[in-house]
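sequence first, then the predicted structure, then my questions.
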There are 2 protein chains.
Amino acid sequence: MNTFSEENYLKAIFRLSQMPAVSKISTSAIAESLGNNPASVVDMIRKLTDKQLIEYDKKKGVKLTAQGEKDAIQIIRKHRLWEVFLLEKLEYRWDEIHDIAEELEHIKHTDLADRLDKFLGFPEYDPHGDPIPKANGKMAKSFSASLADGKTGSTYRVAAVRDTSSAFLQYLHKLKISIGTQIRLIEQIAFDQSLVISIDNGEPTTVSSKFVENILIS
Amino acid sequence: MNTFSEENYLKAIFRLSQMPAVSKISTSAIAESLGNNPASVVDMIRKLTDKQLIEYDKKKGVKLTAQGEKDAIQIIRKHRLWEVFLLEKLEYRWDEIHDIAEELEHIKHTDLADRLDKFLGFPEYDPHGDPIPKANGKMAKSFSASLADGKTGSTYRVAAVRDTSSAFLQYLHKLKISIGTQIRLIEQIAFDQSLVISIDNGEPTTVSSKFVENILIS
DNA sequence: TAATAAAATTAGTTTTGTCTAATTTTATTA
DNA sequence: TAATAAAATTAGACAAAACTAATTTTATTA
Ligand SMILES: [Mn+2]
Ligand SMILES: [Mn+2]
Ligand SMILES: [Mn+2]
Ligand SMILES: [Mn+2]
């Protein structure tokens, strides 16, 4: 059985392994991802290597073993299922659920994920648009196309969000954007790449390029 | 904010303070209750005293402060609400829920208990018959009359269980006894105080005195 | 290539919560 | 009361997970 901390490292490593831009999972990348000191990461790399959950090669960086990936996916499964529970059953807001799920994901008991899954009606996606791994570890591909790469004049459907910080989610809430919202790209401002968009055919609104980068479309 | 460990100590101390047989909450009583070494308890007594959650007097033993009791009750509230959730919503068995709730009770977030309470329809008692504290900390009195003190020939309603171990609960399950079951005391065997009982007017069954001591009646 | 910068690692420290073994204090009993 | 037993405490150790500061290794760039 893995500790909370080991689980958080596995999850962070898995997340990095899913990012196409990251070719090598380095000590410093893990440290940054978790907000920890690189020296602490070195210790944990040793520990997880001993437990055969990762492999570490100075050249190639960190890689999850089959077992490590399996463990990571089960934590992600629980995280996303709990998020659905918190939003749909306990009526928490979009921007509140992630942090609570961060704690709930570590609760260990045979069947817990499966029972929760059944209770929630086997949801496919979590409230941020991320796919929920199935009991067997199979997981649909995450949405990766960003609204930032959309064409001016076209309309897109919000499928997921890249950033799950409450600052971003609260901003989305304020703009009345959620999963399923239609966004039309009206114009890009040459000066700073900010964009004029229309939300569900509403009045034009200007948002930053950083903002649209964090919106994923289907 | 208190750590998991501090919370478990507060809960143990609260539980001891509710036991009429316990006149003084001693280091060793806490140690036994938690399965820890007395030396560890001494350390934690110091820590909780510094945090003003308990008061310790060599003569009178340990006492929760107002704040300590408040904190303890909130953990018990969460524990019992989660137990209801696990049984009613996730369909866990009676004997499985306690251990999972032991972990869930430590999840901290404003509102979590209140939202769960609302979602569950404001239950009064947990699946073991223990009263669930209200948001304001008010709590109905626990059932304390034991079936062991019943009169031969009389019939009693099972209101709660004193022991919540899975061994005991599985045995109850096997005997088809749960909260609300009617039990008639037929005869006490002089030799070893074992009792012949009838469960919901069924065939006579013999159980030990230890067994009936752990059944609470209303 | 040599100088510099960045990344990784080592060494040592801290906090939390536990332990064992030894000792001291308190209570019980002959 | 004196001897003994039980309870509480102290002292010191350990594991987990983090840290800082110093050093070494690797990569980049003049
Ligand atoms: Mn999340
Ligand atoms: Mn987490
Ligand atoms: Mn319980
Ligand atoms: Mn607990």
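Nice, thanks for sending it over. Ligands and ions are numbered 1, 2, ... in the order given.

roughly how far apart are A:I183 and DNA strand C?
For A:I183, the distance to DNA strand C equals 35 Å [CB to the nearest atom of the strand, to the nearest Å]. Bear in mind the C-beta positions are built from the backbone N, C-alpha and C, glycine included.

secondary structure class of that residue, three-state.
What DSSP: H, G, I helix; E, B strand; the rest coil gives for A:I183 is strand.

what's it in contact with, if anything?
Under the criterion of CB atoms under 8 Å, 6 or more residues apart in numbering or on different chains, the neighbours of A:I183 are A:147, A:155-158, A:177, A:197-200, A:215.

same list (those residues) but as a markdown table, adding neighbour count, pLDDT and distance to DNA strand D.
What follows is those, written out as a markdown table (neighbours: other CB atoms under 10 Å in any protein chain shown; pLDDT from 0 to 100; distance: CB to the nearest atom of the strand, whole Å):
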| residue | neighbour count | pLDDT | distance to DNA strand D |
| --- | --- | --- | --- |
| A:L147 | 22 | 95 | 31 |
| A:T155 | 15 | 96 | 41 |
| A:Y156 | 22 | 96 | 36 |
| A:R157 | 12 | 97 | 38 |
| A:V158 | 22 | 96 | 33 |
| A:I177 | 22 | 96 | 34 |
| A:I197 | 25 | 96 | 36 |
| A:S198 | 15 | 96 | 42 |
| A:I199 | 18 | 96 | 39 |
| A:D200 | 13 | 95 | 42 |
| A:I215 | 27 | 96 | 31 |
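
dump the residues you listed to TSV, plus secondary structure.
Output for these, formatted as TSV (three-state DSSP):
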residue	secondary structure
A:L147	helix
A:T155	strand
A:Y156	strand
A:R157	strand
A:V158	strand
A:I177	coil
A:I197	strand
A:S198	strand
A:I199	strand
A:D200	coil
A:I215	strand
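
now the helices for chain A?
Remark: helices assigned in chain A by DSSP state H are A:4-17, A:27-34, A:38-50, A:66-88, A:97-104, A:112-119, A:166-174, A:209-213.

related to what we said a few turns ago, list just the nearest of the contacts of A:I183 to A:N36.
Comparing these against A:N36 with CB to CB places A:I215 closest, at 28.7 Å.

before we move on, back to that, between the contacts of A:I183, which is closest to B:D57?
A:I177 (59.3 Å).

hang on, isn't A:Y156 packed against A:T181?
No: contact criterion CB atoms under 8 Å: A:Y156 and A:T181 do not qualify, at 9.4 Å.

tell me the buried residues in stretch A:90-100?
For stretch A:90-100, the neighbour count (16 or more other CB atoms under 10 Å in any protein chain shown) marks A:90, A:92, A:94-98, A:100 as buried.

mind listing what the closest residue to ligand 4 within chain A touches?
Nearest residue of chain A to ligand 4: A:I107, at 11.6 Å (CB to the ion). Taking CB under 8 Å, 6+ apart, we find A:I107 in contact with A:78, B:100, B:103-104.

mind giving me the domain split of chain A?
For chain A, automatic domain parsing gives the domain ranges A:4-64, A:75-142, A:147-217.

check chain A for the residue nearest ligand 2 and tell me.
Checked against ligand 2 (CB to the ion), the nearest residue in chain A is A:E102, 4.2 Å away.

count the neighbours of that residue for me.
A:E102: 15 surrounding residues under other CB atoms under 10 Å in any protein chain shown.
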